[in-house]
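Chemist: Build me a structure from this.
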Amino acid sequence: MVLLAALWLCPLAAAQSSDFIVYPAKGQSSAQQRRDRAECHVWAVDQTGFDPSTATPPASTVTTTTQQGQAVGSGALVRGGARGAAVGAVGGAIGGNAGKGAAIGAATGALIGGMRHREATRPQTISQTNPAYSEYQAKQNRYQRATKACLSARGYIVE
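Modeler: Purely as a prediction, here's the structure:
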């Protein structure tokens, strides 16, 4: 009876946890595929101690307090513009028009300054900010390997 309940509940869990493609190489029916996937899910959880249908990845911890993309008011545009104007004035003086070079340099510098600021304040990915994510990922990979091994043993091609 427990196996029947697992067969009804686990296809959803198995579908959520597998990012691989399963081909029925021995002509297994759709019903057989669902049973095999459910049974392999239960087996993989038993082997690895990891159930992706109930596990939640660690929350991200963002190390910056500035909102992503907020460059206006930070001074990044002004600093970038000033640097660009100085460089542009020198380049423009060499080319014969220091004023035009300074204007182009200021616009370019402001753009680059804003881009640098956005990059510096962009929240990092979970794996970069939370060491527990690496452990979660390793458990998930082990579960997927176990599931693939089980399905392969039952006559499926798993990619």
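Chemist: since we're on the spatially closest residue to P58 that is not a sequence neighbour, how many residues are nearby?
Modeler: Once flanking residues are discounted, P58 sits nearest to A132: 4.1 Å by CB to CB, 6 or more residues apart in numbering. In this view, the C-beta of every residue, glycine as well, is placed from N, C-alpha and C. For A132, the neighbour count with other CB atoms under 10 Å is 13.
Chemist: how close does Y133 get to A153?
Modeler: Y133 sits 31 Å away from A153, going by CB to CB, to the nearest Å.
Chemist: my bad, should have said V45
Modeler: 16 Å.
Chemist: which of the two has more neighbours?
Modeler: Taking neighbours as other CB under 10 Å, V45 and A153 compare with V45 leading, 21 against 11.
Chemist: wait, the more buried one sits on Y143?
Modeler: Yes: V45 is within contact range of Y143, at 7.1 Å (criterion: CB atoms under 8 Å).
Chemist: In which helix or strand does W43 reside?
Modeler: helix 30-48 (DSSP states H and E).
Chemist: tell me which residues of that helix are tucked away?
Modeler: Going by neighbour count (16 or more other CB atoms under 10 Å), the buried part of helix 30-48 is 33-45, 48.
Chemist: Closest one of those to A103?
Modeler: T48 (62.2 Å; CB to CB).
Chemist: Please identify every residue contacting each of V45 and Y143.
Modeler: D51 (CB atoms under 8 Å, 6 or more residues apart in numbering).
Chemist: show me where pLDDT drops low in this protein?
Modeler: By pLDDT under 70, the low-scoring segments of the chain are 1-18, 60-95, 98, 101-102, 105-129.
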